[in-house]
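Participant: Provided below are the primary sequence and the corresponding predicted coordinates.
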Amino acid sequence: MTRVCIVGSDDVDLRLDLFGYETARRALATYDVQSPFENTVAVDTVSLGAAVSLLNDLNWYLVRLADEAFVLEPSVSDDEWLSRDLASAVREGEVRAAETDARLKVYGLEDGELVEPMYVTRVQGERPDYDLREVDDTVVVRVTDDEFRA
């Protein structure tokens, strides 16, 4: 299963606001909606293609309500997410799965909330430790070169 996670903007209650739109509600109706982190909506899809398609279907709402969208694709990594752009590039064959692990956006996880991302580059196969503040855990998101430079 491929998991999609949408991270709401600070000024919205993502679940409440997203489900306030009938079209978004219908797009998500067939999924078991969860919230793995504070102010997120996550669903499991059948494939990377289905995950990217769902995000494309929800794009109007994502632009208005979300800061980020991640995809967890087991054929790429069991524990590192892909940014929406990187997931799309892998799906389209523009980037091979094996070439996705160099540039990372690492979020701290504090009391269930994603906090203060840190951009890092994997060095000799090792990811530098998150050091922006003391956190309970981290969430790693692989990003495109363009996202890394932004």
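Facilitator: On my side now, so go ahead.
Participant: drop to CA atoms for contacts and neighbour counts, all remaining ones
Facilitator: Noted.
Participant: Contacts for the one helix or strand in the chain whose mean pLDDT sits lowest, please.
Facilitator: Lowest on mean pLDDT, DSSP states H and E among the helices and strands of the chain sits helix 145-149, with a mean of 92. Under the contact criterion C-alpha atoms under 8 Å, 6 or more residues apart in numbering, helix 145-149 has outside partners 103-105, 119.
Participant: got it, and stretch 78-92?
Facilitator: 48-49, 52, 55, 68-73, 95-97, 100, 139-144.
Participant: So which of those residues belong to strands?
Facilitator: 68-72, 139-142 (DSSP state E).
Participant: Just send these back as JSON lines, with distance to residue 11 too.
Facilitator: Converted to JSON lines, these look like this (distance: C-alpha to C-alpha, whole Å):
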{"residue": "68", "distance to residue 11": "14"}
{"residue": "69", "distance to residue 11": "16"}
{"residue": "70", "distance to residue 11": "19"}
{"residue": "71", "distance to residue 11": "23"}
{"residue": "72", "distance to residue 11": "25"}
{"residue": "139", "distance to residue 11": "22"}
{"residue": "140", "distance to residue 11": "23"}
{"residue": "141", "distance to residue 11": "22"}
{"residue": "142", "distance to residue 11": "25"}
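Participant: Next one: the most centrally placed residue in the chain relative to residue 52, how far apart?
Facilitator: The residue lying closest to the centre of the chain (C-alpha atoms, centre = their mean) is residue 70, at 1.4 Å. Distance, residue 70 to residue 52, by C-alpha to C-alpha, to the nearest Å: 10 Å.
Participant: Buried only: go through the ones in strands among the contacts of stretch 78-92 for me.
Facilitator: Those of the ones in strands among the contacts of stretch 78-92 that meet the buried threshold are 69-72, 139-142, by 16 or more other C-alpha atoms under 10 Å.
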